[in-house]
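[1] Next come a sequence and a model predicted from it.
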Amino acid sequence: MDRTQALEIVKSHLTEHRYIHTIGVMETSITLAQKYGADVKKAEIAAIFHDYAKFRPKDEMRQIVKNEGLPQDLLLYGSEVLHAPVGSVLVKKEVGIHDVEILNAIYHHTTGNSNMTTLEKVIFLADYIEPNRQFPGVDEVREAAQQDLNKACLMAVKNTIHFLIKQNQKIYPLTFDTYHGLLEIIK
Ligand code: DGI
Ligand code: FE
Ligand code: FE
Ligand code: FE
């Protein structure tokens, strides 16, 4: 599938704002993939489809968790966590993408995991730092991303954990796994 086709498909599933974000993630992912040696074409496709499920009704997402063999602890979480694993299922079923590396990058783009591939790190980080994102601390992560992929991902997941705790939100275990996995690499 080429970029034009992929963008056309995803556009109908997203708001204008989320589509612009997706273009930003795509461009940033390509740059990071070139810099850190991930498959650039896979990064492009994973980025284009990473938020494919973002606007599915929550009930539909929960149904997919129940019916598609996803971890049932996801049912304790909201759309912010669900849209990533559910997105990987739907991109496979509805778009026909079967590449496991791409599907895993979509699956883990929100939380990460304990032993991320370079492609997973690229999508996770690009989602966080793409140029349309504006929140406290993002510029420091952008700078780190030019030096060290693992350090930048660690900064991102630490910021997310701080943010979630301040908001009294539950933290999905994979988010902690990401933090611990990156600490092990960096120490
Ligand atoms: O879909 P995007 O907004 O582009 O970005 P994303 O998929 O990284 O989702 C970010 C949101 O997900 C942000 O509000 C923080 C939230 N999030 C990330 N990890 C966790 C989480 N929310 C909960 N409750 N638990 C987590 O572990
Ligand atoms: Fe997302
Ligand atoms: Fe993210
Ligand atoms: Fe996103």
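    Great, that's in hand. Ligands and ions are numbered 1, 2, ... in the order given.

[2] From ligand 4, how far out is F55?
    Between F55 and ligand 4 the distance is 12 Å, computed by Cβ to the ion, to the nearest Å. C-betas here are computed from N, CA, C, even on glycine.

[3] Tell me the spacing between E27 and ligand 1.
    For E27, the distance to ligand 1 equals 15 Å [Cβ to the nearest ligand atom, to the nearest Å].

[4] scratch that, M155 is what I was asking about
    Where ligand 1 is concerned, M155 sits at a distance of 14 Å (Cβ to the nearest ligand atom).

[5] so where does that residue fall, helix or strand?
    Per DSSP states H and E, M155 falls inside helix 149-166.

[6] what's downstream of that helix, the next helix or strand?
    From helix 149-166, the next helix or strand downstream (DSSP H and E) is helix 173-186.

[7] what does that following helix contact?
    73, 108, 111-116, 124, 150-151, 153-154, 157-158, 160-161, 164 (Cβ atoms under 8 Å, 6 or more residues apart in numbering).

[8] Need the buried ones from those selected in PyMOL.
    In PyMOL, a selection of the buried entries from the contacts of helix 173-186 looks like this (16 or more other Cβ atoms under 10 Å):
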select buried, resi 108+111+112+113+116+124+150+153+154+157+158+160
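
[9] so T28 touches Y128, yeah?
    No. Checked against Cβ atoms under 8 Å, the pair T28 and Y128 is beyond contact range at 9.2 Å.

[10] Quick check: end-to-end length of stretch 91-105?
    12 Å (Cα to Cα, to the nearest Å).

[11] how about that stretch: buried residues?
    Those buried within stretch 91-105 under the rule 16+ other Cβ under 10 Å are V91, K92, V95, I97, E101, I102, L103, N104, A105.
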